[in-house]
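In: Sharing a model that was predicted from the sequence below.
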Amino acid sequence: MKKQKGTAGMLLKTALCLALSVLWLPAVAGAATQDQVNEVRQLLEEYHISKPTDDKLNESEIEAMIGSLDDPYTQYFSPEELQSFSNAINQSFVGIGIVMSQDDGITYLENVVPDSPAFKAGLMPGDALVSIDGAATAGKSIDAIQVMAAGKEGSTVNVGVKRGLVKLQFLVARTSMQLPVATSRLMGAGVGYLRLDSFSADAAAKFKAQLQSLEGQGMTSLVVDLRGNGGGYVDQAQQIGALFVADGILAHVADRDGKDTPIELHGEKRDYPVYILVDGGSASATELLSGALQEYGVAKLVGTKTYGKGVIQQLIPVASGGTLKVTVQEYKTPGGKKVDKVGLTPDVAVTGGLQQLLAAYRLAGGGDVRLTVGRGALVVNGIRTADAGSVIKKNGVWYVSSKLGALASEAKLSYDAKARQIVLDKDGTTHRLAASDSHVIVKNGVSYIDVRLLSKWFANLTWAAVGDGTVTLYDSAA
């Protein structure tokens, strides 16, 4: 079952990898003026870390000059491209504020941005999208729906949804807005969850506000989610680092001459454990912060190896037009470890988005787990994530994917290929279930187990269904 996710009327998320960023915009098209060529050549020779010479920069076009450096992070921006680049870093866009996901051919509103036009109009997470301006969305990809929903600031769009058995229409105005850069909530047992999506120009202030809110609610341990965070501004990583390190450095930074200029940290310590979620999309400024907090013993990294972008770019205006983003420095961790093309290795290796979140929560001392799945989303103790195909209802009986059932019950899942049996192990007790058993459904290569049987097998697991759309699993801590 194919899983898709996207935002209607929003910029697509990309791995910015910015300390400043990863290449994601096309180079300027068309011929450059001779003044631009000459000036860009001069700036590259003066600033780029590799010390290119006139002989190397012998092409007459800006694109060819930059391409000759074999550096995916050095790039020329037209004014329009620079604006798009800045908008992406700062999570700014024109739209209505909905996040979509697809499950079994149905497009759902996985989330609605707080205080967005969609939120104010009354759209809700879990609504099934039916139409855009009267045109049916059934059978269309999320990319196609994004095109249907796009429009100029100030214009309106009619969004049709199905909520339960009721069809509703909402007239929503498109407006310029900023996605929340930092969000947080208590997950339970004193475990705070703080998600940071970008190191935007105001990321540190937003992060600090969310951190203080969690502390005010009695937080005793913290999970920081930096998965998919491609980076942003170095000074924001520095300011966030200072929230956890009294005196130290964020990283060692070397220029083209090898001169080391440490990025210093002068702040305060926190007296609770911190766990940082990272993955292959965690890059640049994310790696700056995570690497420092890991080496200072402030935090443990949970997830998979990070992207590996250990170079820093600088934006330099081109007097004759446009802006050059050029690599000027390389950074290493406080302990001198190389990051570029290497990445950071987590302290606790965990694959799978839900597995990573639950692992961090439990490492942080989390207790009871509540998972609500269906309508394109999976909600874990209030944390919403996109989900497709984890729950099925057939003949009045609910089935959950064997993978989700194992996670919810804290059992180890395996498959006995010879016996063609699903195997669940927990605390020395083994449960086996044939793939052909009446309690099992196999769909698109995924096995689903009758939730009533799982609840019978595992005393810690209870469940409840809500209408025809969602099922909730409760894992009670021992």
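Out: Here it is on my side, so go on.
In: Helices of this structure, residue ranges please.
Out: Listed in chain order, the helices found in the chain under DSSP state H are 34-47, 62-67, 79-89, 117-121, 142-149, 203-216, 234-241, 285-295, 353-363, 402-409, 451-457.
In: Of these, which is nearest Gln102?
Out: Evaluated over the helices of the chain, closeness to Gln102 peaks at helix 142-149, with 6.2 Å, by Cβ to Cβ. (Each C-beta comes from the backbone N, C-alpha and C, glycine too.)
In: Now do the closest one: which elements does it pack against?
Out: strand 4-8, strand 98-103, strand 128-132 (3 or more Cβ pairs under 8 Å, 6 or more residues apart in numbering; DSSP states H and E).
In: For these, which has the smallest mean pLDDT value?
Out: Here these differ in mean pLDDT, and the lowest is strand 4-8 at a mean of 52.
In: Let's see the pLDDT reported for the closest residue to Val326 other than its chain neighbours.
Out: Take Val326 and drop its neighbours on the chain: the residue closest to it by Cβ to Cβ, 6 or more residues apart in numbering is Thr74, 4.9 Å away. Note on Thr74: pLDDT of 95.
In: repeat for Ser21
Out: So Ser21 comes in at 33 (pLDDT).
In: next one: Ala29
Out: 43.
In: Now Ala138. Its backbone dihedrals?
Out: phi -60, psi 130 (degrees, to the nearest 10).
In: count of residues packed around it?
Out: Using other Cβ atoms under 10 Å, Ala138 has 11 other residues around it.
In: and what of Ala319?
Out: Residues lying near Ala319 (other Cβ under 10 Å) number 10.
In: Once you drop chain neighbours, what's closest to it?
Out: Ala319 sits nearest to Glu39 (Cβ to Cβ, 6+ apart), 6.2 Å away.
In: now that neighbour: how far from Leu324?
Out: Separation of Glu39 from Leu324 (Cβ to Cβ, to the nearest Å): 9 Å.
In: Ok, Ile98 next?
Out: Here the distance between Ile98 and Leu324 works out to 36 Å (Cβ to Cβ).
In: who has more neighbours, these two?
Out: For the pair Ile98 and Leu324, the greater number of neighbours falls to Ile98 (29 against 23), based on other Cβ under 10 Å.
In: does that one have beta-bridge partners, and which?
Out: Taking DSSP bridges as the rule, Ile98 bridges to Ala8, Val112.
In: Against Thr385, how distant is it?
Out: Using Cβ to Cβ, we find Ile98 at a distance of 16 Å from Thr385.
In: One more: Val157?
Out: For Val157, the distance to Thr385 - Cβ to Cβ - is 26 Å.
In: Those two - which one has more neighbours?
Out: In terms of neighbours (other Cβ under 10 Å), Val157 is the more surrounded of Val157 and Thr385; the figures are 21 against 15.
In: these two touch, right, the more buried one and Asp133?
Out: Yes - here Val157 reaches Asp133: they are 5.9 Å apart, a contact under Cβ atoms under 8 Å.
In: Need the residue closest to the centroid of the protein.
Out: The residue lying closest to the centre of the chain (Cα atoms, centre = their mean) is Gly228, at 3.6 Å.
In: My read is that that one contacts Ala283, right?
Out: No - judged on Cβ under 8 Å, Gly228 makes no contact with Ala283 at a distance of 9.3 Å.
In: Run through the chain and note the low-pLDDT ranges.
Out: 1-32, 55-61, 468, 478 (pLDDT under 70).
In: how about a cut-off of 80?
Out: When residues are selected by pLDDT under 80, those of the chain lie in 1-34, 37, 53-63, 388, 467-468, 477-478.
In: Summarise which helices and strands the strand ranked longest in it is packed against.
Out: Using DSSP state E to define each element, the chain has its longest strand at strand 323-332. Here strand 323-332 touches helix 34-47, strand 75-77, helix 79-89, strand 247-254, strand 311-317, going by 3+ Cβ pairs under 8 Å, 6+ apart.
In: if we go to 7 Å?
Out: helix 34-47, strand 75-77, strand 247-254, strand 311-317 (3 or more Cβ pairs under 7 Å, 6 or more residues apart in numbering; DSSP states H and E).
In: Which one of those lies nearest to Ser436?
Out: Where the helices and strands packed on strand 323-332 are weighed against each other on Cβ to Cβ, the nearest is strand 311-317, at 54.7 Å.
In: Can you list the strands that that closest one pairs with?
Out: Strand pairing (DSSP bridges) places strand 311-317 next to strand 323-332 (antiparallel).
In: Next, the angle helix 34-47 makes with the strand it pairs with.
Out: 10 degrees (axes from the mean of the first three to the mean of the last three Cα atoms, to 10 degrees).
In: tell me how far strand 323-332 is from the chain's mean position?
Out: How far strand 323-332 lies from its chain's middle: 24 Å, per Cα atoms, centre = their mean, to the nearest Å.
In: Ok, stretch 94-103 next?
Out: 15 Å.
In: what's the span of it, first residue to last?
Out: By Cα to Cα, to the nearest Å, the extent of stretch 94-103 from end to end equals 26 Å.
In: Tell me the buried residues in that stretch?
Out: Using 16 or more other Cβ atoms under 10 Å as the burial criterion, the residues of stretch 94-103 that qualify are 94-103.
In: And for stretch 358-370?
Out: For stretch 358-370, by 16+ other Cβ under 10 Å, it's 358-364, 366-367, 369-370.
In: could I get those as a markdown table with distance to Lys305?
Out: Converted to a markdown table, the buried residues of stretch 358-370 look like this (distance: Cβ to Cβ, whole Å):
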| residue | distance to Lys305 |
| --- | --- |
| Leu358 | 20 |
| Ala359 | 16 |
| Ala360 | 16 |
| Tyr361 | 21 |
| Arg362 | 21 |
| Leu363 | 18 |
| Ala364 | 21 |
| Gly366 | 24 |
| Gly367 | 30 |
| Val369 | 26 |
| Arg370 | 30 |
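In: List just the nearest of those residues to Leu211.
Out: Ala364 (14.7 Å).
In: Tell me what the nearest residue to the closest one once chain neighbours are set aside is bridged to.
Out: Leaving aside its chain neighbours, Ala364 sits nearest to Ser221 (4.0 Å; criterion: Cβ to Cβ, 6+ apart). Ser221 forms beta bridges with Val191, as assigned by DSSP bridges.
In: Mind listing residues that contact stretch 297-305?
Out: 227, 244-245, 274-280, 290, 293-294, 343-351, 356, 359-360, 363 (Cβ atoms under 7 Å, 6 or more residues apart in numbering).
In: Please save the CA atoms from that stretch in CSV.
Out: Extracted C-alpha coordinates of stretch 297-305, given in CSV (Å, rounded to 0.1, in the frame of the first residue of the first chain):
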residue,chain,number,x,y,z
GLY,A,297,26.9,13.9,27.5
VAL,A,298,23.9,16.1,27.6
ALA,A,299,21.8,14.0,25.2
LYS,A,300,21.7,10.5,23.7
LEU,A,301,20.9,10.2,20.0
VAL,A,302,18.2,7.7,19.0
GLY,A,303,17.4,6.6,15.4
THR,A,304,19.6,6.2,12.4
LYS,A,305,22.8,7.8,11.1
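In: List the buried residues of that stretch.
Out: Buried-residue list, stretch 297-305, by 16+ other Cβ under 10 Å: 298-305.
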